[in-house]
Structure formats: structure tokens, C-alpha cells
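>>> how would this look folded up:
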Amino acid sequence: DVQLQASGGGLVQAGGSLRLSCAASYFTFDNYAVGWFRQAPGKERERISCISNSDGSTYYTDSVKGRFTISRDNAKNMLYLQMNSLKPEDTAVYYCNSLAYGHPVFSWGQGTQVTVSN
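Modelled structure (predicted):
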């Protein structure tokens, strides 16, 4: 089965940094755009960043623009999210997924919890 396993979350103080990783397996990773999503308590899951498989172009939602950086390593089937200047409102469970026409393709894997304290 397709697997997309996010890791690297944790507890960090506001202003700190974390680097999330996503290990993809059992599908052709470089055939897909991939992205990061997050779900905060009581809120819907939202797409926050994605990266193309063709030209490496990227998208960021406004709330993370300038603070987060997405990257991918097709040779390792890995997706990354460097998160800097973290804010308490970034607290959420973070997930990764492949994308088609901007929508998630596969079943959700296990996310990784990011908690940002004041």
C-alpha cells in the first residue's frame, strides 16, 4: 500500500524552527506534485504548501509564506518542510500527501504533531 509518513514534529518555543520530513513509498514519487497539510484542533485540514514534480515550482499559503520552505528529494522519495519563526498558531498535526489538481491523492498517513508554545 502507498505510504506517506510524516516525522520531525515536536514541541518548540515561538520563534523556533523545526524540519519536517515525509517518507513516501509504494508509488512513483516523482510522478506527482506533493505537499504539506495541517489540521489544528477544531479546524479543517488545510493545504499549506506544495511543490511541483515537473519544474519544482512551489506554493505557500499566506500564513506561512516567508517562514516555511518546501523541498523534495526525488532520489530518496522524500519531502521536507523547513519551518522557521514558528508561531503558536502553527500548532497542528502536519501531514504530507501527493496532489492532483491541488487535491490530495492518497489516504492520509500518520501525521506529526507540531506544538508551538508562547
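
>>> Pull out the buried positions in the host helix or strand of V93.
Using DSSP states H and E, V93 sits in strand 92-100. Residues A92, V93, Y94, Y95, C96, N97, S98, L99 are the ones in strand 92-100 that count as buried (16 or more other Cβ atoms under 10 Å). C-beta: built from backbone N, CA, C; applies to glycine.

>>> residues in contact with the least confident helix or strand in the chain by mean pLDDT?
Ranking every helix and strand in the chain by mean pLDDT, DSSP states H and E puts strand 103-104 at the bottom, with a mean of 92. Strand 103-104 has contacts (Cβ atoms under 8 Å, 6 or more residues apart in numbering) with F37, R47, N97, S98.

>>> Just give me the closest of those to V116.
Within those, the smallest distance to V116 is 17.1 Å, found for F37 (Cβ to Cβ).

>>> how about that closest one, phi and psi?
Main-chain dihedrals, F37, degrees, to the nearest 10: phi -130, psi 160.

>>> Hmm, K43 and it touching each other?
No: between F37 and K43 there is no contact under Cβ atoms under 8 Å: 11.5 Å.

>>> okay, those two: which has more neighbours?
Taking other Cβ atoms under 10 Å, F37 and K43 do not tie; F37 has more neighbours (22 against 9).
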